[in-house]
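Q: predicted model, plus sequence, below.
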Amino acid sequence: MRRRFDSADSLMALLLAVLVVVWTLLMAVSHGAPDLDGMEELVWAVTLEWGYTKHPPLPSWILYALAQLLGRPLWLPFFAGMCSSALALWFLWRLGREFTSAGKAAAGVLLVSVTLYFSIRGTIYNHDTAQLWSVAACTWLFYRALRHQQRSTWVWLGITAALCTLTKYSAVILFTAFFCFMLRHGSFRDARTVRGVGHALIAFGVVFAPHLLWLVMSDFAPFRYAGGSLEAGGRLDALRDAFSFIGTQAARLSPMVVAWLIWRAWERRRPATRFEPEDNERWSSGLTPWDISFLRWVGLTPVIATLLVSTLLGTRLVAAWGTTFFMLWGFYMLWVIRGEERETLRRIAIVVIAVQLAMALGYAVARGPLAWWNGRPARSTFPGAEISATINQIWAEHLPGIPLRVVASDTWLGGNIALNSGVDVQVFINGRADESPWLDAEQAVECGLLVVYSRVTRRGGEPAPELVALYERARYSGVAEQRWSSQRSPIIDLNWAILPPTARCTTR
């Protein structure tokens with residue numbers, strides 16, 4: 001299944017590695033804390049669980065593995081998100097080389113790389129971003145499975161599809177696109193395809209079975225969470241969501257169009273040397289009808305189907321849910337590119353690199369120095385290290401010689417305190433055992449517990465009732481204050497309480 005690694009592969013791998021390094025470094029120096037989703041994954045990644053109340057487990061497993069190698073630095077989610085983005089681009093590159101030349105495939109991959117889902121939002125390590133690589137890998141394997149009908153490819157497709165589903169259940173949207181394409185082309189009339197699908201389903205079942213068992217045992221908790229996330233105020237609200245969704249997706253795809261327009265202006269001002277008449281043809285002219293149909297059905301079905309279902313059923317539609325829907329759209333640019341391949345690719349690469357650097361530097365400055373100076377309560381300027389130091393000092397004053405092990409708080413505030421306190425400190429999320437499967441909740445309370453909440457960090461919201469109940473049980477309590485960033489920023493109220501260890505503590 002694997003062709004030999006050539007010089008074009010090496011160059012693409014180098015470019016993608018540089019992409020990861022540049023974005024990770026800039027986020028590390030400009031951010032004082034990860035984004036909310038990245039913090040949630042860091043909090044979850046203290047153990048290997050078969051599932052969580054909100055999502056399936058694979059993104060947390062990946063972060064757990066990285067944490068075993070690198071510890072829990074605050075930049076780890078940025079790195080993990082950009083690795084997922086780069087790996088997705090790599091599989092798109094492999095897909096592009098299946099149906100066109102290396103140069104044209106590279107142009108499509110480079111252009112799609114500047115969309116926000118592979119750049120700015122690629123730094124946000126949530127289940128949408130974490131799914132990028134597996135969606136791209138599934139798409140490549142699905143193409144190869146239908147084209148070459150090798151049993152090993154079908155098996156790998158089933159394994160990767162299971163990993164995609166273990167990342168987020170929305171993988172079913174991608175599988176719907178695959179099914180529609182096969183119906184359109186009568187693939188099920190081919191006995192080899194039927195056998196291949198069978199092999200893929202068996203491989204999928206083997207990988208997914210343990211999580212399915214966990215779902216049954218947890219009464220399908222993530223599905224209940226997903227059901228609540230889909231609730232909207234009716235079809236009119238759903239229609240508003242659809243228009244908002246379309247507008248946001250257009251904005252997030254716009255850097256690709258901007259990069260193409262810059263290249264086009266350069267080409268008009270100083271045309272690249274053309275050696276053959278065919279250089280004036282659109283780059284899409286060499287695609288077969290089957291390949292064109294593949295790009296259209298697999299590339300367009302997810303967004304069209306999602307919009308239709310949301311509008312008809314009156315369900316909520318969030319812009320981030322479109323993260324994986326547009327990765328094939330870079331190849332659509334082949335319809336609007338002409339010219340000698342080598343020189344055209346060189347120019348597109350220069351434009352894309354410039355746009356990537358401008359976006360990375362601009363985002364780092366906006367989320368770092370500018371946000372701090374403006375005093376805006378941004379996640380990126382959150383004083384997690386300072387708050388953690390203050391809370392640890394309070395703990396040490398009341399319980400000298402007893403290490404802090406568990407922080408009962410919401411994911412954001414508790415995560416910032418825990419990650420800046422040490423690798424052994426865990427978060428008791430909202431004081432709820434079901435949200436913190438890595439803890440023995442009873443022993444956590446009996447062996448010494450710090451409770452912290454803030455209405456400022458919750459944007460005026462109230463803490464969870466379970467957290468308030470723990471707070472009221474505490475022997476020691478008080479309020480500390482910490483300014484968010486500059487003197488223009490709000491003051492954070494740190495409502496803290498300490499439950500000392502009891503004689504019922506059995507943890508050594």
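A: Alright, I've got the coordinates.
Q: and the nearest residue to residue 403 once chain neighbours are set aside, how many neighbours?
A: In space, and not counting its chain neighbours, residue 403 is closest to residue 424: 7.6 Å by Cβ to Cβ, 6 or more residues apart in numbering. Bear in mind the C-beta positions are built from the backbone N, C-alpha and C, glycine included. Neighbour count for residue 424, taken as other Cβ atoms under 10 Å: 11.
Q: also residue 209?
A: Neighbour count of residue 209, defined by other Cβ under 10 Å: 11.
Q: sec struct for it, please.
A: Here residue 209 is recorded as helix under DSSP: H, G, I helix; E, B strand; the rest coil.
Q: how far away is it from residue 181?
A: 27 Å (Cβ to Cβ, to the nearest Å).
Q: with residue 461 instead?
A: Separation of residue 461 from residue 181 (Cβ to Cβ): 45 Å.
Q: quick one, which of the two is more surrounded?
A: Per other Cβ under 10 Å, whichever of residue 461 and residue 181 has more neighbours is residue 181, with 19 against 12.
Q: quick check: residue 178 touching residue 302?
A: No. Residue 178 is not in contact with residue 302 according to Cβ atoms under 8 Å; the separation is 10.5 Å.
Q: any idea how many residues pack against the nearest residue to residue 49 once chain neighbours are set aside?
A: Once flanking residues are discounted, residue 49 sits nearest to residue 437: 5.2 Å by Cβ to Cβ, 6+ apart. When neighbours are defined as other Cβ under 10 Å, residue 437 has 17 of them.
Q: repeat for residue 466
A: By other Cβ under 10 Å, 17 other residues sit near residue 466.
Q: residue contacts, it?
A: With contact taken as Cβ atoms under 8 Å, 6 or more residues apart in numbering, residue 466 is in contact with 430, 431, 432.
Q: so it: helix, strand or coil?
A: For residue 466, the assignment made with three-state DSSP gives helix.
Q: gap between it and residue 497?
A: Separation of residue 466 from residue 497 (Cβ to Cβ): 13 Å.
Q: shaky segments in the stretch 1-150 of the chain?
A: Low-confidence segments of the stretch 1-150 of the chain, defined by pLDDT under 70, span residues 1-4.
Q: so what's residue 285 up against?
A: Residue 285 neighbours (Cβ under 8 Å, 6+ apart): none.
Q: where does it land on pLDDT?
A: With respect to pLDDT, residue 285 scores 92.
Q: tell me the contacts of residue 135?
A: So residue 135 contacts 88, 164, 171, 174, 324, 327 (Cβ under 8 Å, 6+ apart).
Q: how about the helices in the stretch 401-508 of the chain?
A: Using DSSP state H, counting those that start in this stretch, the helices of the stretch 401-508 of the chain run over 411-419, 441-446, 465-473.
Q: look up the closest residue to residue 124, ignoring the ones flanking it.
A: residue 35 is the one closest to residue 124 (Cβ to Cβ, 6+ apart), at 5.0 Å.
Q: the one you found touches residue 367, doesn't it?
A: No. The criterion here is Cβ under 8 Å, and residue 35 misses it with residue 367 at 9.5 Å.
Q: overlap in contacts of the two?
A: Common neighbours of residue 35 and residue 367, using Cβ under 8 Å, 6+ apart, are residue 380.
Q: not counting its neighbours along the chain, what's nearest the residue nearest the centre of the chain?
A: The centroid of the chain falls nearest to residue 129 when counting by Cα atoms, centre = their mean (1.9 Å). Sequence neighbours aside, residue 81 is the residue nearest to residue 129 in space, at 4.8 Å (criterion: Cβ to Cβ, 6+ apart).
Q: list the contacts for the one you found?
A: Applying Cβ under 8 Å, 6+ apart to residue 81 gives the contacts 38, 122, 123, 124, 125, 126, 129, 130.
Q: please apply the same query to residue 116.
A: Taking Cβ under 8 Å, 6+ apart, we find residue 116 in contact with 251, 252, 253, 255.
Q: which one among those residues gets closest to residue 103?
A: Distance to residue 103, by Cβ to Cβ, is smallest for residue 255 among those, at 21.4 Å.
Q: what is the distance between the stretch of helix or strand that closest one belongs to and the centre of its chain?
A: For residue 255, the element it lies in under DSSP states H and E is helix 235-269. Put simply, helix 235-269 sits 20 Å off its chain's centre (Cα atoms, centre = their mean, to the nearest Å).
Q: out of the contacts of residue 466, who's nearest residue 406?
A: Nearest to residue 406 among the contacts of residue 466, counting by Cβ to Cβ, is residue 431 at 10.5 Å.
Q: now that closest one. Nearest residue, chain neighbours left out?
A: residue 466 (3.6 Å).
Q: count the neighbours of the closest residue to residue 111 other than its chain neighbours for me.
A: Nearest residue to residue 111 in three dimensions, chain neighbours excluded: residue 330, at 4.6 Å (Cβ to Cβ, 6+ apart). Residue 330: 26 surrounding residues under other Cβ under 10 Å.
Q: pick the most deeply packed of the helices of the stretch 401-508 of the chain.
A: Comparing those by mean neighbour count (mean count of other Cβ atoms under 10 Å), helix 411-419 ranks first with a mean of 26.
Q: who's in contact with it?
A: Applying Cβ under 8 Å, 6+ apart, the external contacts of helix 411-419 come out as 33, 36, 39-40, 42-43, 72, 74, 379, 382, 384, 387-388, 391, 407-409, 425-430, 450, 452-454, 457.
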